[in-house]
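> Quick one: sequence plus predicted model below, questions after.
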Amino acid sequence: MKKALGLNDFPYSLALPVALLITVVVLFCVTFSERSERTVQSEELPAVVLLDELDARDPKEVERVVRARQDAEKKARDEAERESMRQEMISELENAGDSIWSRFRDYAVLGDSRAVGFYYYKFLQRSRVFADGGDSIREIKSHMDELRELDPSYIYICYGLNDTGVGYWSTAEEYGEECREVLSMLKDAFPEATIVVSSTLPAEEFAIRQNPVWRKIPSFSAAMKEACDELGVVFADNDALAERYMDEYWDEDGVHLKPEFYAYWATNLLLAQIEGEGQ
């Protein structure tokens, strides 16, 4: 009967190769195991680290961190969606022409004799335009009851022509102070509404020569803009609009406007509204 071979029975010439083979196999297994473990740890590290960090914090702090991350992600999505809608609306508005008037919804317009044209030419509803010849921003207070009844989502302020010459304010600085007061009143009364203030359209040069007080229009309009900036109210700058179109659309008195100009003015108000809502 043959005896089973033991380690000592291997010929010496085979012992060394076999030992080397066993060593190689053991090293390969150990290396593979360590590599697999590192891979698993690498994949799990961010979550593990985050969990470890959160576990070390107060539960309220953990909730705050998670909520802040969710809010940031939602804000980013909302901003991207709003920017896409804004660009689409800008493109539509710039090519709307006379159809621009259908874009005015749930609104109120307050202003002077220039703003009267919005209803006089039947562009906007008479019941939503509070404007009269000779009015200044001081008249806004007298329309508060009517505004509360409407409770509009959008309020457009279109004054300035009479503000420079009515004599209530000696300087642009004084005018700016009253602008802040009036706009603050509107913001408090209609916190959900978007308020859009139109810069004051200029007067033609021959009209200014007849009534030099209208030279104050740029400085008074700048004071209004400063008040809007401080209060976070949308300001529609009409300077480029006036430079491009008003020579063609002045009325005979060099102060008021032909009906063809109003669509351009309205478009600029709506574009400013969109820009302001995206900020």
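On my side now, so go ahead. Numbers count the residues shown, from 1 in each chain.
> pLDDT score for Tyr249?
On the pLDDT scale, Tyr249 is placed at 88.
> Mind jotting down where the helices sit in the chain?
Assigned by DSSP state H, the helices in the chain fall at 12-55, 59-94, 113-120, 144-150, 172-189, 205-210, 217-231, 239-249, 262-277.
> Can you get me a residue count around Glu230?
Neighbour count for Glu230, taken as other Cβ atoms under 10 Å: 13. C-beta here means a position set from N, CA and C on the backbone, and glycine is covered the same way.
> isn't it right up against Arg180?
Yes. Counting by Cβ atoms under 8 Å, Glu230 does reach Arg180; the two are 6.8 Å apart.
> re earlier: and the helices of the chain, which one's lowest on average pLDDT?
Among the helices of the chain, helix 12-55 scores lowest, at a mean of 46.
> quick one: Asp145 from Asp151, how far?
Note on Asp145: its distance to Asp151, by Cβ to Cβ, to the nearest Å, is 12 Å.
> Compare these two (neighbour count), which wins?
Asp151 (12 against 7).
> The closest residue to that one other than its chain neighbours: how many residues sit nearby?
Nearest residue to Asp151, sequence neighbours excluded (Cβ to Cβ, 6 or more residues apart in numbering): Phe190, at 7.2 Å. Using other Cβ under 10 Å, Phe190 has 20 neighbouring residues.
> got the contact list for Phe190?
Applying Cβ atoms under 8 Å, 6 or more residues apart in numbering, we find Phe190 in contact with Leu147, Asp151, Pro152, Ile155.
> please redo it, this time with the cut-off set to 10 Å
Shown in contact with Phe190 (Cβ atoms under 10 Å, 6 or more residues apart in numbering): Ala108, Met144, Leu147, Arg148, Leu150, Asp151, Pro152, Ser153, Tyr154, Ile155.
> Then Ser136?
Going by Cβ under 10 Å, 6+ apart, the list of residues near Ser136 reads 111-112, 159-169, 175, 178, 182.
> ok, so what distance separates it from Ser113?
According to Cβ to Cβ, Ser136 stands 11 Å off from Ser113.
> who touches both of those two?
Leu161, Asn162.
> Thr171 contacts Ser219, doesn't it?
Yes. Assessed by Cβ atoms under 10 Å, Thr171 is found in contact with Ser219 at 8.5 Å.
> thinking again about what came up before, ok, which pair from the contacts of Ser136 is furthest apart?
Maximum pairwise distance among the contacts of Ser136 (Cβ to Cβ): 19.2 Å, between Gly111 and Gly167.
> More neighbours: which of these two?
Gly111 (25 against 9).
> neighbours around the closest residue to that one other than its chain neighbours, how many?
Excluding the flanking residues, the one nearest Gly111 by Cβ to Cβ, 6+ apart is Cys158, at 3.3 Å. By the criterion of other Cβ under 10 Å, Cys158 has 27 neighbours.
> and the gap between Cys158 and Tyr262?
Counting by Cβ to Cβ, the gap from Cys158 to Tyr262 is 11 Å.
> and for the two, which residues touch both?
Common neighbours of Cys158 and Tyr262 (Cβ under 10 Å, 6+ apart) are Arg114, Ala115, Gly117, Phe118.
> Using CSV, please lay out the residues you listed together with neighbour count and distance to His256.
What follows is the shared contacts of Cys158 and Tyr262, written out as CSV (neighbours: other Cβ atoms under 10 Å; distance: Cβ to Cβ, whole Å):
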residue, neighbour count, distance to His256
Arg114, 24, 6
Ala115, 26, 11
Gly117, 23, 8
Phe118, 24, 13
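> What is the nearest of the residues you listed to Ile140?
Closest approach between these and Ile140, by Cβ to Cβ: Ala115, at 11.9 Å.
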